[in-house]
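Asker: need coordinates for the below:
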Amino acid sequence: MTTQAPAPTGSSRSLMQFALRLREAGVLVFLIVLGLTFTLLSPQFLTVQNLTVVASSASILAIAACAQAIVLFTKNLDVSVGSIMGMVAYLTADYAANHPGITPVELVVIPLVIGGGLGCINGLLVALGKVPALIATLGTMSLYRGATYIYAHGQEVTSSRLPHWMLSSVDARLAGFPVIVLVAAVIVALVGWWLSAFPLGRRIYAVGSNQVAAWFFGLRTERVIVFAYVACGFLCGVAGLLYAARVGTVTVVLATGWEMSSLAAAVIGGVSVSGGSGTVVGAALGAVVLATIDNGLVLMGVPEFWRMFIQGCAIVAAVAVDAMIATGIRRSLGRQRRG
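Answerer: The predicted structure follows:
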């Protein structure tokens, strides 16, 4: 007989739900303030064309942030996200270039299989090998990127070798909206629904909240962690495919640095680095915040190193807020128990 994970009490559940709503509401308010600020500083910001650019730029990062968030929910992290995206993008583009008759179904299945397999390797190292997540994924980050270099022999896949429909699909519009934005929104919605509506999704949160307690209550924590990494790999596969289609010419350094960008987006969006808290919707909002900051600073002519500095400040501020909220929740729960 299987035993369900312990459900939080009514008071603690309501407190956590309030904290989550507060985080996402704070991200939305911050996003609005950013928009107003950049509109005052650069008249070009609040135009349909520029907002479309921001949304399109945030779309792929939102998917990568969701991938990172799923692993963060288990109180782990994945710094090989960018390398998985890069390897998936190159292998898929190379296959498409060498097989002109490739179908859309094949083009979707290939990155899912590759991404899921790479994510599974990460999960096995962390869950069964008991290698700390940071060390394990740092190693696979270099491993996956190096394997891509070896396979590519320094060659790039040019856009002229890729199917025209693959490149044009990401620029297509549906009812006036970019298809890539709609795809990202659907993926975020589906992942969020799965995490909240299905037992396995709830177990991911349970493991991150208290892995020892989850194990005592009958959850196979190793399987849950492996599955979280596999899900992360799947989403990285989708992000890698979209990125390859968007840039056209695919190189071996594609998506370098995206591990930090995805982590930053998730944390800014309210996903706790302590595990068991946050939402993928918040992670996607964090991606929109980063895309907005980057776009606004580019319009203002701010140099690249200042953009990196400001992004770093946003990450530090988000982690500090997360720590304060977590401390406040613990103190409130402690008072409730004593009372």
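
Asker: neighbours around the closest residue to Cys120 other than its chain neighbours, how many?
Answerer: Sequence neighbours aside, Val230 is the residue nearest to Cys120 in space, at 5.0 Å (criterion: CB to CB, 6 or more residues apart in numbering). From N, CA and C alone the C-beta is placed, and that goes for glycine too. As a burial measure, Val230 scores 21 neighbours (other CB atoms under 10 Å).

Asker: how close does Val230 get to Asn50?
Answerer: For Val230, the distance to Asn50 equals 37 Å [CB to CB, to the nearest Å].

Asker: for Gln211, same thing?
Answerer: In terms of CB to CB, Gln211 sits 44 Å off from Asn50.

Asker: look at the two and report which has more neighbours.
Answerer: Using other CB under 10 Å, the more surrounded residue of Gln211 and Asn50 is Gln211, with 20 against 16.

Asker: surely that one meets Lys75?
Answerer: Yes. Using CB atoms under 8 Å, Gln211 makes contact with Lys75 at a distance of 6.8 Å.

Asker: the strands in the stretch 1-150 of the chain, which residues?
Answerer: Remark: no strands are assigned in the stretch 1-150 of the chain by DSSP state E, counting those that start in this stretch.

Asker: where do the helices sit along it?
Answerer: 10-41, 48-73, 81-98, 104-123, 133-152 (DSSP state H, counting those that start in this stretch).

Asker: what do you get for the stretch 151-300 of the chain?
Answerer: 164-169, 179-197, 199-209, 211-216, 221-247, 258-268, 280-299.

Asker: mind putting those helices into a markdown table with mean pLDDT and distance to Leu107?
Answerer: Shown next, in a markdown table, are the helices of the stretch 151-300 of the chain (pLDDT from 0 to 100; distance: least, CB to CB, whole Å):
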| stretch | mean pLDDT | distance to Leu107 |
| --- | --- | --- |
| helix 164-169 | 90 | 6 |
| helix 179-197 | 95 | 13 |
| helix 199-209 | 88 | 27 |
| helix 211-216 | 72 | 38 |
| helix 221-247 | 95 | 7 |
| helix 258-268 | 91 | 21 |
| helix 280-299 | 93 | 24 |
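
Asker: among those, which is nearest Leu46?
Answerer: Counting by CB to CB, Leu46 lies closest to helix 280-299 out of these; the figure is 10.4 Å.

Asker: the closest one to helix 48-73, inter-axis angle?
Answerer: Orientation note: helix 280-299 sits at an angle of 140 degrees relative to helix 48-73 (axes from the mean of the first three to the mean of the last three CA atoms, to 10 degrees).

Asker: related to what we said a few turns ago, relative to Asn122, how far out is the residue nearest to Cys120?
Answerer: From Val230 across to Asn122, the span is 9 Å (CB to CB).

Asker: same thing with Val224?
Answerer: Where Asn122 is concerned, Val224 sits at a distance of 14 Å (CB to CB).

Asker: of these two, who's got more company?
Answerer: With neighbours defined as other CB under 10 Å, Val224 and Asn122 compare such that Asn122 has more, 31 against 25.
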